[in-house]
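*Asks:* Only the shape, not the letters, is given here:
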């Protein structure tokens, strides 16, 4: 007698249905960036530009009186204390140093990238340093000063010696280096882009960026000699930095403050705090750029950082309250920050 029994039709149908239901319940993720971490960091203080060390994946976030150091999961792994009005930050891996611009203290801080110990404070009298940039060609650091100066100040990070200043003709915002001794900086209130010689501290060109209004963020593609300027007219201008000509533009969100470019993926990013979005555009060619994704973040997430080693992007924000009353000195005040709501967002492909 044969003891092997054929499975009934009902059993087969049930098994097939379970497989089908399982496949429907776990759809493949669409291509692009996805939120992988959201971490409430809390604490006091605002924030401005922040950055990543690709060698260690550590994230450095200035918050006025101190700089927070995170790992890619949003865990606090260190702090740098003793700052006043820390705004911008940049790193010099070749010197094993990092730098913050301290508007309230009219200074810049130099710290050890490995130990996070402060090495020196460089005084920049009667200036309000905002953004800061390390130039690997000259091995000098540049602060870009708003109120009181509208200029750039260069110093030697090894000695703290101030090497000179250069008037820029208006309020400077973000700057980039081409790695060969040329610096490019947005002049926000003049809708201009300035190119200057990093060693001679001499302006080489001043280019109009119209129809760009209030250029803030700036990113660079050295291989194709392109700059990406984020404009408050809700567009990202692509500029040929050998001629100053605008070669393309892409639409972005409201309230842009930072731009980044990933040379390995050919993606340019614009973070916009007004509507809580990050626009992602692909460099199809040096003259053609296509928006491939709009990431939904959170209102107020106006700045961002890119890890060029793992291609993660990060942004931060807080819950926001109504802005204070406008003044002559601050005609367009930003919304107030709800205490202890500072939050970190990580996005990965």
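*Replies:* Perfect, I can see it now. Predicted model only: the values in this text are computed from it and were never measured.
*Asks:* what are the pairing partners of the longest strand along the chain, and which direction each?
*Replies:* Ordering each strand of the chain by length in residues (DSSP state E) puts strand 76-92 first. Neighbouring strands of strand 76-92 in its sheet, by DSSP bridges, are strand 64-70 (antiparallel), strand 97-102 (antiparallel).
*Asks:* Pick the most deeply packed of these.
*Replies:* Of all the strands paired with strand 76-92, strand 97-102 has the most neighbours on average by mean count of other CB atoms under 10 Å, namely a mean of 27. The way it works is simple: take the backbone N, C-alpha and C, and place the C-beta from them, glycine included.
*Asks:* Run the chain-centre distance for that strand.
*Replies:* 15 Å (CA atoms, centre = their mean, to the nearest Å).
*Asks:* same deal with stretch 238-245?
*Replies:* Relative to the centre of its chain, stretch 238-245 is centred 21 Å away, using CA atoms, centre = their mean.
*Asks:* Show me what it is in contact with.
*Replies:* Contacting residues not belonging to stretch 238-245 are listed as 178, 182, 184, 193, 195, 205, 207, 209, 220, 225-229, 246-250, 268, 289 [CB atoms under 8 Å, 6 or more residues apart in numbering].
*Asks:* quick one: buried residues of that stretch?
*Replies:* Neighbour-count burial for stretch 238-245, counted by 16 or more other CB atoms under 10 Å, picks out 238, 239, 240, 241, 244.
*Asks:* With distance to residue 214, secondary structure and pLDDT as added columns, please give those residues in JSON lines.
*Replies:* Shown next, in JSON lines, are the buried residues of stretch 238-245 (distance: CB to CB, whole Å; DSSP: H, G, I helix; E, B strand; the rest coil; pLDDT from 0 to 100):
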{"residue": "238", "distance to residue 214": "17", "secondary structure": "strand", "pLDDT": "98"}
{"residue": "239", "distance to residue 214": "16", "secondary structure": "strand", "pLDDT": "98"}
{"residue": "240", "distance to residue 214": "21", "secondary structure": "strand", "pLDDT": "98"}
{"residue": "241", "distance to residue 214": "20", "secondary structure": "coil", "pLDDT": "98"}
{"residue": "244", "distance to residue 214": "18", "secondary structure": "coil", "pLDDT": "98"}
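*Asks:* Pick the one among the residues you listed closest to residue 307.
*Replies:* Nearest to residue 307 among the buried residues of stretch 238-245 is residue 238, at 22.8 Å by CB to CB.
*Asks:* out of the contacts of stretch 238-245, which are buried?
*Replies:* Among the contacts of stretch 238-245, those classed as buried by 16+ other CB under 10 Å are 178, 182, 184, 193, 195, 207, 209, 220, 226-229, 246, 248-250, 268, 289.
*Asks:* mind listing what residue 252 touches?
*Replies:* 230, 231, 234, 235, 236, 270, 272, 277, 279.
*Asks:* The last one - that's part of a strand, no?
*Replies:* When you say that, I think you mean residue 279. Yes. With DSSP: H, G, I helix; E, B strand; the rest coil as the criterion, residue 279 is part of a strand.
*Asks:* So it versus residue 58, what's the distance?
*Replies:* Per CB to CB, to the nearest Å, residue 279 is found 26 Å from residue 58.
*Asks:* and if you look at the first one?
*Replies:* Computed as CB to CB, the residue 230 to residue 58 distance reads 25 Å.
*Asks:* With neighbour numbers in mind, choose between the two.
*Replies:* Set side by side, residue 230 and residue 58 show more neighbours around residue 230, with 33 against 20, by other CB atoms under 10 Å.
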